[in-house]
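Chemist: below is the structure, and that's it, no one-letter string:
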Ligand code: SF4
Ligand code: SF4
């Protein structure tokens, strides 16, 4: 019969509508923004830059190698390398980005920048409440807005973040110079 599919669909809707008054499980909407459904851990939106410790400048992991800028398909990352150097997470002097911008009006959330970064310095964020009244400048995120702490990363990605920490700790341990060989202890001379 023509229209039977529509009637069946309306019956399902009516059953769920009435049922939602008796069974919380049938209520699939929430009163946003007061109520929020938790986001899945692998949900991703736009990238952010990671820093260790409390200082976004001193702890910034990015060394301005520009690999992500080159690999970004829509070319929405813009980096200017610093003239001076600062210690990285292993204490080695490294360049840092004097400018690091991402145009999120162009970013397509592909995560390629994250995949190619050799320093675990850029990760995908879950912040989706980024609407702005202006179309251009307001959607160009600067280094200061992009920089977020490792604690924040642990909060949004409780499975991945400890794995990344372990990987970095292992890399740092491998680069540490081996301890100098212990001096031979003098052998005791037996008394004559
Ligand atoms: S997520 Fe993709 S499009 Fe967005 S900045 Fe990274 S590489 Fe570029
Ligand atoms: S985020 Fe990573 S890949 Fe991009 S410039 Fe910084 S260190 Fe290089």
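Modeler: Ah, there it is. Note that the structure is predicted; figures quoted are calculated from it, not measured. Ligands and ions are numbered 1, 2, ... in the order given.

Chemist: those residues of the chain touching ligand 2, which are they?
Modeler: By the rule Cβ under 6 Å from any ligand atom, the part of the chain lying against ligand 2 is 62-68, 79, 116-117, 119, 121-122. For glycine as for every other residue, the C-beta is placed from the backbone atoms N, C-alpha and C.

Chemist: quick one: contacts for the closest residue to residue 168 other than its chain neighbours?
Modeler: Distances taken as Cβ to Cβ, 6 or more residues apart in numbering place residue 120 nearest to residue 168, at 6.0 Å, with adjacent residues excluded. Neighbour list for residue 120: 50, 61, 164, 167, 168 [criterion: Cβ atoms under 8 Å, 6 or more residues apart in numbering].

Chemist: now the second one: closest residue in space that isn't a chain neighbour?
Modeler: Read that as residue 61. residue 121 (3.6 Å).

Chemist: for that neighbour, give its distance to residue 112.
Modeler: Taking Cβ to Cβ, to the nearest Å as the measure, residue 121 and residue 112 are separated by 14 Å.

Chemist: likewise for residue 171?
Modeler: Here the criterion is Cβ to Cβ. By it, residue 171 lies 22 Å from residue 112.

Chemist: ok, residue 173 next?
Modeler: As judged by Cβ to Cβ, residue 173 and residue 112 stand 29 Å apart.

Chemist: which of these two has more neighbours?
Modeler: residue 112 (14 against 9; other Cβ atoms under 10 Å).

Chemist: I'd say the more buried one and residue 72 touch.
Modeler: Yes. Using Cβ atoms under 8 Å, residue 112 is in contact with residue 72, at 6.5 Å.

Chemist: related to what we said a few turns ago, list buried residues within the contacts of residue 120.
Modeler: 50, 61, 164, 168 (16 or more other Cβ atoms under 10 Å).

Chemist: pLDDT-wise, what's the bottom of those residues?
Modeler: The member of the buried ones among the contacts of residue 120 with the lowest pLDDT is residue 168, at 91.
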